[in-house]
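Undergrad: Generate a structure from the sequence data that follows.
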Amino acid sequence: MIQRQLEKHLLRLAKQYPVVTLTGPRQSGKTTICKKVFPEYEYVNLEDLETRQFAFHDPKGFLNQFQNGVIIDEIQRIPDLTSLIQVIVDNDAKSSKHFILTGSQQFEVINAINQSLAGRSAIARLLPFSYTELYTRDDEPSMSTILYTGFYPRIHDKNLNPTEALSFYLTTYIERDLRQLINIRELSTFERFLKLCAANIGQLTNYSQLANDCGVNQATVKSWLSLLKASYIIFELQPHFKNFHKRLTKSSKIYFYDIGLASYLLGITNQQHIEQHPLKGFLFENFIVCELIKNRYNNVRESNLFFFRDHVGNEVDVILDYGQKLIPIEIKSSQTMNSAFLKGLNYYKKISAQPAVESFLIYGGSNSSQQNGTTIFDFHNLADLYRKLEEV
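TA: Numbering: from 1, shown residues only. Next comes the predicted model:
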């Protein structure tokens with residue numbers, strides 16, 4: 001079984017808080033990691049109809065059946081349970097009863113925690129495998145393998161065909177999760193919207209264009225984007241405005257939490273399709289941006305990722321905001337290093353009112369180096385980049 005970076009943090013959090021809440025996409029490995037880290041805890045899944053009915057009709061009886069620790073899977077199915085959990089942990093602060101809650105609808109789950117368990121629950125996020133969890137220095141996959149396969153654990157654990165597995169994943173998501181969250185009458189229109197999101201990864205979000213292409217209004221587009229974010233399908237990167245006196249873009253960018261799913265939505269059905277695909281550069285960018293976010297979440301930190309773009313198109317793919325320190329990162333899929341790749345970084349460092357401590361470039365080649373004050377990493381060396389970031 002592949003060790004998850006979050007395991008040690010879950011153990012630590014469980015010693016510090018009576019409740020630990022773990023959110024993340026479906027099939028990201030939440031149940032597996034909880035059972036591994038807390039093997040002595042009882043386990044219940046609110047997706048099970050009988051279990052859910054028991055919890056709904058007799059919540060006190062449901063919770064009182066657990067003497068010590070319990071893992072409650074998919075807590076968003078009965079979010080009111082968090083109110084009773086609050087009473088239990090408040091009434092007996094020294095109780096050995098600990099609650100591990102998981103959920104795949106982040107807004108619903110976190111809202112329930114904030115309503116009832118603020119200050120009582122630690123919150124962690126588990127995304128699909130990270131590159132550094134899945135691959136070692138002795139097992140360096142090609143870029144096309146990564147972009148086609150993605151990182152959902154089940155695909156790797158069972159050696160599944162990515163196209164087939166992601167098709168089933170998407171069908172399950174639409175048929176089960178969407179129908180729970182919203183009444184979408186025209187599922188075919190929503191599926192087209194999903195594919196348009198994939199076609200626009202790494203580009204400025206244009207609500208009007210998305211609405212026109214789908215035949216819906218902008219309010220519907222914004223509602224659907226919120227839905228996709230809530231269920232960990234996509235996330236948006238916001239522009240960075242700090243300490244600038246220039247006109248900057250206000251639009252966000254769309255990225256997918258799993259690059260394999262984005263490739264599937266683009267109609268990519270094998271690794272060879274990646275090589276000549278016109279969106280290969282954006283797919284690679286999505287992969288790296290998501291890996292940077294995984295590194296934050298796997299260490300129980302909030303995302304500090306933004307991007308920079310001014311009104312004339314000068315751009316840096318990622319700005320890491322550490323408060324007093326800003327770190328610009330550029331991402332290029334090319335296997336050949338070109339000094340032109342540093343243009344955006346050099347411009348940003350020149351005009352930023354808050355000097356960048358360091359700058360980095362991640363590219364599709366195989367050599368790491370230093371050039372004009374920028375550290376260049378090949379994408380297989382993300383672990384080295386993370387160590388470098390810890391030193392900043």
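
Undergrad: going forward, measure contacts between C-alpha atoms and count neighbours the same way
TA: Noted.

Undergrad: looking at the chain, which helix or strand does the model trust least?
TA: helix 179-181 (a mean of 65; mean pLDDT, DSSP states H and E).

Undergrad: Can you name the next helix or strand after that helix?
TA: Moving toward the C-terminus from helix 179-181, the first helix or strand encountered (DSSP states H and E) is helix 187-199.

Undergrad: what's Arg26 sitting at in phi/psi?
TA: Main-chain dihedrals, Arg26, degrees, to the nearest 10: phi -60, psi 140.

Undergrad: ah, wrong one, I meant Arg176
TA: phi -100, psi -60.

Undergrad: Pull up the per-residue confidence for it.
TA: Looking at Arg176, its pLDDT is 73.

Undergrad: can you check Lys242 too?
TA: 69.

Undergrad: Only C-alpha atoms, please: export the helix or strand encompassing Leu11 in PDB.
TA: Using DSSP H and E, Leu11 maps to helix 7-16. Only the C-alpha atoms of helix 7-16 are listed here, as PDB (Å, rounded to 0.1, in the frame of the first residue of the first chain):
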ATOM      1  CA  GLU A   7      -0.900   9.900   7.500                       C
ATOM      2  CA  LYS A   8       1.500  11.300  10.100                       C
ATOM      3  CA  HIS A   9      -0.500  14.600  10.300                       C
ATOM      4  CA  LEU A  10      -3.800  12.700  10.900                       C
ATOM      5  CA  LEU A  11      -2.200  10.900  13.800                       C
ATOM      6  CA  ARG A  12      -0.900  14.200  15.200                       C
ATOM      7  CA  LEU A  13      -4.200  16.000  14.800                       C
ATOM      8  CA  ALA A  14      -6.200  13.200  16.500                       C
ATOM      9  CA  LYS A  15      -4.100  13.700  19.600                       C
ATOM     10  CA  GLN A  16      -4.800  17.400  19.600                       C
END
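
Undergrad: What is that helix packed up against?
TA: Contacts defined by 3 or more CA pairs under 8 Å, 6 or more residues apart in numbering; DSSP states H and E place helix 7-16 against strand 19-23, helix 30-37.

Undergrad: Of those, which stretch is the most buried?
TA: The highest average neighbour count among those, using mean count of other CA atoms under 10 Å, belongs to strand 19-23 at a mean of 25.

Undergrad: Which strands border that strand, and is each parallel or antiparallel?
TA: strand 99-103 (parallel), strand 121-125 (parallel) (DSSP bridges).

Undergrad: picking that back up, right, and the helices and strands packed on helix 7-16 - which one's nearest Ser352?
TA: When the helices and strands packed on helix 7-16 are ranked by proximity to Ser352, the top entry is strand 19-23, at 35.7 Å, counting by CA to CA.

Undergrad: quick one: the closest one to helix 30-37, angle?
TA: Strand 19-23 and helix 30-37 are oriented at 140 degrees to each other (axes from the mean of the first three to the mean of the last three CA atoms, to 10 degrees).
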